[in-house]
Structure formats: C-alpha cells, structure tokens
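Enquirer: 3D model of this:
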Amino acid sequence: MTTDANDRDMSRPTERITGAAHPLDTTDPAAPLTDLEPLREVVGDASVVGLARGAHGAREFGRMTHRVLRLLVERLGFRSLAIEADARTAAAVDSWLRTGRGDVASLLSNDHSWWRTSEFLEVLHWMRAHNGHRPDDPVRLVGLVGVDAVDMSVHEQDFAATILRWRDETGHRILYWSGSHSAVGHARSVAWTPGEGGDADRNAGSYLREQLGAEYLSAGLTFHHGTVDLDGEPVRVPAPPSDFTDAVLGDAGLERYLLDLRAGGVATEHLADAPAKLRLIGPRYDPTRPASMSGGPLSEFFDVVLHTRAVTPTTPAR
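Expert: Below you'll find the predicted structure:
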C-alpha cells in the first residue's frame, strides 16, 4: 500500500505536533525548571519576551507565567515584569517589591480582577523574596496602562512605547505579561461574535518586533478546555470548535507542552502556513459565540507556544 502526496498533505497536523513538542512536567512555580530549558534556548538574546494568555482567570496560566518568570530571572538575568495594569498602581507595588513596606493585596484592590488573584500574589511574593536577598539587583514591576483613550490602537502604541522607554532607562531585560496584545504580526482582527469581521489593528507586539527585531520574542499560552474565573464566577469553557487553532493544539495528546514555531519542518508547517483563529476568553465570554483573534498563521502571532490541555479557575486574593 502506498501513500501519495495528497494523502500526506491531509495527514493530521496534530500527529506532527506531538513529535516536535517538548512535554512540560508541571505548572508548579516551585518545581525544578529542567523541563523549561528548551524555552531558555528559544529566548536566547531577546531583551523583551511577550507572553500572551488566551484566557483571563486560568490558574495554570498564572502558574506557568510564574515559572517562566523564574527561568528568565534566575537563568537569563531578566529584571523587569511589565503588566497591563494601571501605571500608578504598579508603581506602588514596585515600591513594595523593593522595600517590603505596606500591604500588597490592598495596593491591588482597585485594579482589574485578573490581577487580584492568589496566583498573581504568589508571583509578587516571589519577586519580593528575591529582592530581599538582592536589594542592589531587584526585579522591578512596570504598569503599562497610563493613557485615557477609547481607541485601542492608542493603547497598543503606548504599551510598546512604555516598554521600550523602561528598557532604555533601566537596561533591563523584560517579561511582558499580556492578554493578546503581545502577539506579533502586521495586524490582528478581533471578532467578539461569530461572523463579525472585527477591526484589524496592529498591536503592541508588532510595534515591539518592528523596533527590536529578533530581540523581541513572542510566546503564547493556549489551552483546550476547562473552567476559568471571570469576575468571581467560575465559567466552563468547552472544547473549541474544530476550525479554531486551539483545537489542533489540544488534539496533540499531551497534557502540557512547549512548541517552537520557528523550528520549521513538517511538524509545524501547518501552523506556519494555515490561517490561525484563536479563542479569546474574558473579560466576557459566551460559549455559543466565542470571541476570536485572527490575522495570519500562528507563527506570525507567536514564536513559541506553551499549551495546557485543561485549565482551572484562579483563586481570588484574600
């Protein structure tokens, strides 16, 4: 029995992804970082790493981001975390990170609910512990929301400009923890309902890639199904429709993995060529009409994907 070219072209991309993926052992922030070593190689000399999450309120995303931050700080010398939070609030938290004075949970009380979680507080307490041992070489926090504008394109440009300015002022390598804004590509189209075209806008990641070139690395946190917390309520998220890229990633048969989309070869050619459509969960979500982001192949959004098959809700900070 022979297999012709058409059969090969139609073979399931998930089988190829499974062969190329690097399994990740855990999302436990305190666990050894050995399984994340492939990410260290991918980051290389990048001065800014964007980490985009596909959903608000997913515990595993917060914990995986914590692990990535540990890797970048402990192994690669990163010294700043940039988040899409109010700049004044972040400045107050940054002061706490350096001095330990005050109550960090209270400082976050007026910001978005996705920052008022136990998982994010664990990140901050880890940063504070690190700084307590290294007061002359602290890990800093910078908030990116500093302009009052309705036009999202204004925010995108300001996010990128703030990161670049902070980089120039501090000389730090920076982890940018974001929603979908850190993805690269020329433009992304966000549709909040099926069939809606959405506005095709450049985002912060594309401006960072334009300015930094290969010194900007874009990573994506994706998932297949589970439950997330949206404004204090657990919301079940079923498996994605088959036309979503999340479905292809989730069918790879691994609980969690890292996939380098720059590696090339048959394992990732489907994701490098086929148009991508990714779910966006939160701050609102309708399972019958999932919001999506599209605008090009997955490899134009991200250089690397960290996929978790099932997620659970974050825990509100107490």
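Enquirer: in stretch 107-115, what's buried?
Expert: 107, 108, 111, 112, 113, 114, 115 (16 or more other CB atoms under 10 Å). All C-beta spots, glycine's among them, are computed from the backbone N, C-alpha and C.
Enquirer: ok, the second one to residue 285 distance?
Expert: Translated: residue 108. 23 Å (CB to CB, to the nearest Å).
Enquirer: where in the protein is pLDDT low?
Expert: Filtered on pLDDT under 70, the chain yields the residue ranges 1-13, 147-150, 186-200, 264-270, 272.
Enquirer: all strands of it, in order?
Expert: Using DSSP state E, the strands of the chain run over residues 22-23, 48-53, 80-86, 140-145, 174-178, 188-191, 199-201, 216-230, 233-237, 256-260, 275-279, 292-297, 304-311.
Enquirer: any chance of those strands in CSV, with distance to residue 93 and mean neighbour count too?
Expert: CSV is the format used below for the strands of the chain (distance: least, CB to CB, whole Å; neighbours: other CB atoms under 10 Å):
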stretch, distance to residue 93, mean neighbour count
strand 22-23, 33, 14
strand 48-53, 19, 27
strand 80-86, 8, 22
strand 140-145, 5, 22
strand 174-178, 13, 26
strand 188-191, 29, 20
strand 199-201, 29, 14
strand 216-230, 21, 23
strand 233-237, 26, 15
strand 256-260, 29, 22
strand 275-279, 30, 21
strand 292-297, 29, 21
strand 304-311, 25, 23
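Enquirer: dump these to a markdown table, plus distance to residue 37.
Expert: Shown next, in a markdown table, are the strands of the chain (distance: least, CB to CB, whole Å):
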| stretch | distance to residue 37 |
| --- | --- |
| strand 22-23 | 9 |
| strand 48-53 | 15 |
| strand 80-86 | 21 |
| strand 140-145 | 25 |
| strand 174-178 | 17 |
| strand 188-191 | 30 |
| strand 199-201 | 35 |
| strand 216-230 | 15 |
| strand 233-237 | 30 |
| strand 256-260 | 10 |
| strand 275-279 | 26 |
| strand 292-297 | 27 |
| strand 304-311 | 13 |
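Enquirer: residues touching residue 298, list them.
Expert: 220, 245, 261, 271, 272, 274, 276, 278, 305 (CB atoms under 8 Å, 6 or more residues apart in numbering).
Enquirer: mind doing that once more with 7 Å?
Expert: Contact analysis of residue 298 by CB atoms under 7 Å, 6 or more residues apart in numbering lists 245, 261, 271, 276.
Enquirer: okay, now the first one: neighbour count?
Expert: Here the number of neighbours of residue 245 (other CB atoms under 10 Å) works out to 26.
Enquirer: quick check: it touching residue 261?
Expert: No. Between residue 245 and residue 261 there is no contact under CB atoms under 7 Å: 11.3 Å.
Enquirer: chain center to stretch 118-135: distance?
Expert: Distance of stretch 118-135 from the chain centroid (CA atoms, centre = their mean, to the nearest Å) equals 20 Å.
Enquirer: how about the CA coordinates for that stretch, as CSV?
Expert: Extracted in CSV, the C-alpha atoms of stretch 118-135 (Å, rounded to 0.1, in the frame of the first residue of the first chain):
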residue,chain,number,x,y,z
SER,A,118,-3.7,34.4,44.7
GLU,A,119,-1.7,33.3,41.7
PHE,A,120,-0.5,36.8,41.0
LEU,A,121,0.1,37.5,44.6
GLU,A,122,2.4,34.4,44.6
VAL,A,123,4.3,35.9,41.8
LEU,A,124,4.7,39.2,43.7
HIS,A,125,5.7,37.5,46.9
TRP,A,126,8.4,35.5,45.0
MET,A,127,9.7,38.7,43.5
ARG,A,128,9.8,40.4,46.9
ALA,A,129,11.7,37.4,48.4
HIS,A,130,14.2,37.6,45.5
ASN,A,131,14.6,41.3,46.1
GLY,A,132,15.1,40.8,49.9
HIS,A,133,18.1,38.7,49.1
ARG,A,134,19.4,41.0,46.4
PRO,A,135,18.4,44.6,47.3
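Enquirer: residues of it that come out buried?
Expert: For stretch 118-135, burial by neighbour count (16+ other CB under 10 Å) applies to 119, 120, 121, 122, 123, 124, 126, 127, 128, 130, 131.
Enquirer: skipping its backbone neighbours, what lies nearest the third one in space?
Expert: Going back to what we said before, that points to residue 121. Spatial nearest neighbour of residue 121, excluding adjacent residues (CB to CB, 6 or more residues apart in numbering): residue 317 at 5.2 Å.
Enquirer: residues contacting that neighbour?
Expert: 105, 116, 117, 118, 121.
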